[in-house]
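Chemist: Quick one, structure for this:
(chains A and B)
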2 protein chains.
Amino acid sequence: MAFKSIESLLFVLITGGLGPTKDDITKHTLCEYFQTELEINVQVLEQITAFFAGRGLPMLESNRLQAALPKACEVLINTRGTASGMWFERSGCVFVSMPGVPYEMKGLMEDEVMPRVSQHFERPSIVHRTILTQGVGESFLAESIKDWEDSLAEKNIKLAYLPAPGMVRLRLSSYGGASVDQQHKDIAEKEVELKGLIGEHIYGYDKETLAQAVGELLKKKGMTLSAAESCTGGYIAHQVTSVAGSSSYFIGATVAYDPAVKIKQLGVSAYDIETHGVVSQQVVEAMARGAQQLFGTDYSLATTGVAGPEGGTENTPVGTVWIACATPNGVISQCLKLGKSRERNISMASNAALNLIRKEIIQTNT
Amino acid sequence: MAFKSIESLLFVLITGGLGPTKDDITKHTLCEYFQTELEINVQVLEQITAFFAGRGLPMLESNRLQAALPKACEVLINTRGTASGMWFERSGCVFVSMPGVPYEMKGLMEDEVMPRVSQHFERPSIVHRTILTQGVGESFLAESIKDWEDSLAEKNIKLAYLPAPGMVRLRLSSYGGASVDQQHKDIAEKEVELKGLIGEHIYGYDKETLAQAVGELLKKKGMTLSAAESCTGGYIAHQVTSVAGSSSYFIGATVAYDPAVKIKQLGVSAYDIETHGVVSQQVVEAMARGAQQLFGTDYSLATTGVAGPEGGTENTPVGTVWIACATPNGVISQCLKLGKSRERNISMASNAALNLIRKEIIQTNT
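Modeler: Okay, here's the model as predicted:
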């Protein structure tokens, strides 16, 4: 069955209520609505059994019943959990039921639902390309790319500014054109122009993370990284090691939360801490050099600051953060003035540090 | 103006489109709809000016224009950014426009919108209480609390199981009752009963994190914590230091990603790594003891495992993780068999490690 246009029918996506507990009533409700009944699906039962066996967990009757699915539906296999998805069709209407856990729902949506949607519906051809920038506010970006932005209309391309802490994503969307190939060409052409205008701020494209971009640069150079983190408390190391394969360039990190750790493990001088304060250029640069030596790496990132919400002083208010990058040729550092939210300060300081090494590696290469 | 019931009118919440760039057209659209015009709001302009000055950034004309707001609206002051919210009323209908950045939207919603909603509308009295559990699957929980769950109906309380990686939140909701006081009493009574059934798995309530719960326990005992992280790559340290005030009990961590760091900094024996493998009970326990000594802390958490998606072997498949906790009385450890998603494995292993120390401290206290 194939529908010509998305307007011709009702397409309902439902999430949640598919778990093994009493508050999960979606399957029963769907059975009532579609006048059908549950039956054990052998393939799903095998998969659930393997799921529990693989984790060394016993399986309860309530888990077995997750394989009981409505006869009238097409079962959508969930490879990430024990709650299957369901696809119902009636009188030209489609109902899709997916689990509510975001991780499982996303997997089913990508693997099972979207391919079926593409099969059933003729969709307008929209081509997206997202250009990722770090370290510049959206108003500044807008100012620098004004004329370029105006030129997008003639190619039927729209631009959206999508700000996140410390970064702005620029999403280009081409709505139709002579052909999909032409849409891709138009977007690629505009992307090249944009690179000429703000190239130094672009760290990647689409779903790439800043840590992935840094990892790619390090791999290309065959060089290694370590970190010495105070106010970011391990978040740089976490971002770097979230990238699969990061063990080929990331050696390790010292989270030096207590000043004594900075002195004992990273070799920061007690005199510098006393004289300049623990949040200072002297201390952050000594931390970066200390980690570079301790871990024997080519590069090292360091942070020290007041993440907040308490702990600020007149000279060093909450949101003051020093970041540094030790390189094979010396140390560079930078002072950030951030806001009052601890969570955002940690995330913005980590991203700024990753951007510092990214720019440094690129500049050294050219 | 006050409305008696939420059904009596239209209440529209809009987010996004309030930034300084060309794609932001919400204010202009609202002006057209409400037949009004923009004027500079002096208070907002001062606040925007201070915002840029505080961050040491220059201010552009486009930033200044963010203080231009529709005459016909009540301005909702945004303390987290430069885009103000707006509250419009016409013929008994309310339109609220908020910025699209989640952090700013949430702040405005809590500080400005909800208090006005409470003023305008009589709302049904719903009392929520969320009980947070860690380390047990939802089907097992459901099995253990079956009779208790059945008894909730007589108090007009509903239970929702809200699963997340490695944890299940149990949300109790009381819908109406003799009085709000009675609702709170009913919920408190059921909470006490629940504690009797699954107390050991409960780590906290409502919005508490596992790292907060561990921090409270350490503060009470006046004891300190460090970590030695391999596969979790700094995520335990990040979770612990996300808690404001954690510097009073958290000394630091070593992210020992490279085996050489485990040997050199944490004192793990090369022989143990060679003989038992880097993902083994021997190595994780040596890491925990090593960090305990290196940082001079009472407790230390350690992890080593295969986060995936690559790098597994027949004996140590992806998702195999050893966690350990060094205590003043020795080391305890545990092997986890997790799944194939790197992100989830990192998060589940960190949570399991934090739960290991939580249970250990509680058991030692009783």
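Chemist: mind listing the strands for the stretch 201-350 of chain A?
Modeler: A:202-205, A:225-229, A:250-256, A:299-305, A:320-327, A:330-337 (DSSP state E, counting those that start in this stretch).
Chemist: next one: the stretch 1-150 of chain A
Modeler: A:11-15, A:38-40, A:68-70, A:74-76, A:85-90, A:93-98, A:126-134.
Chemist: Dump the ones you listed to JSON lines, plus distance to chain B, mean pLDDT and mean neighbour count.
Modeler: Yep, even glycine has a C-beta here, placed from its N, CA and C like the rest. Formatted as JSON lines, the strands of the stretch 1-150 of chain A follow (distance: least, C-beta to the nearest C-beta, whole Å; pLDDT from 0 to 100; neighbours: other C-beta atoms under 10 Å in any protein chain shown):
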{"stretch": "strand A:11-15", "distance to chain B": "13", "mean pLDDT": "93", "mean neighbour count": "15"}
{"stretch": "strand A:38-40", "distance to chain B": "17", "mean pLDDT": "96", "mean neighbour count": "13"}
{"stretch": "strand A:68-70", "distance to chain B": "14", "mean pLDDT": "97", "mean neighbour count": "22"}
{"stretch": "strand A:74-76", "distance to chain B": "19", "mean pLDDT": "97", "mean neighbour count": "17"}
{"stretch": "strand A:85-90", "distance to chain B": "17", "mean pLDDT": "94", "mean neighbour count": "19"}
{"stretch": "strand A:93-98", "distance to chain B": "15", "mean pLDDT": "94", "mean neighbour count": "21"}
{"stretch": "strand A:126-134", "distance to chain B": "13", "mean pLDDT": "96", "mean neighbour count": "18"}
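Chemist: Dump these into CSV; add distance to residue A:292 as well.
Modeler: Converted to CSV, these look like this (distance: least, C-beta to C-beta, whole Å):
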stretch, distance to residue A:292
strand A:11-15, 48
strand A:38-40, 60
strand A:68-70, 57
strand A:74-76, 50
strand A:85-90, 50
strand A:93-98, 48
strand A:126-134, 23
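Chemist: want to throw the strands of the stretch 201-350 of chain A into TSV with mean neighbour count, distance to chain B and mean pLDDT?
Modeler: Below are the strands of the stretch 201-350 of chain A laid out as TSV (neighbours: other C-beta atoms under 10 Å in any protein chain shown; distance: least, C-beta to the nearest C-beta, whole Å; pLDDT from 0 to 100):
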stretch	mean neighbour count	distance to chain B	mean pLDDT
strand A:202-205	18	17	96
strand A:225-229	32	8	98
strand A:250-256	30	4	98
strand A:299-305	29	11	98
strand A:320-327	26	11	98
strand A:330-337	15	5	97
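Chemist: Going by neighbour count, list what's buried in the helix or strand of chain A with the lowest mean pLDDT.
Modeler: Lowest mean confidence among the helices and strands of chain A (mean pLDDT, DSSP states H and E): helix A:114-120, at a mean of 88. Neighbour counts over helix A:114-120 (16 or more other C-beta atoms under 10 Å in any protein chain shown) mark A:117, A:120 as buried.
Chemist: what distance separates it from the centre of its chain?
Modeler: Its chain's C-alpha centre and that of helix A:114-120 lie 26 Å apart, by C-alpha atoms, centre = their mean, to the nearest Å.
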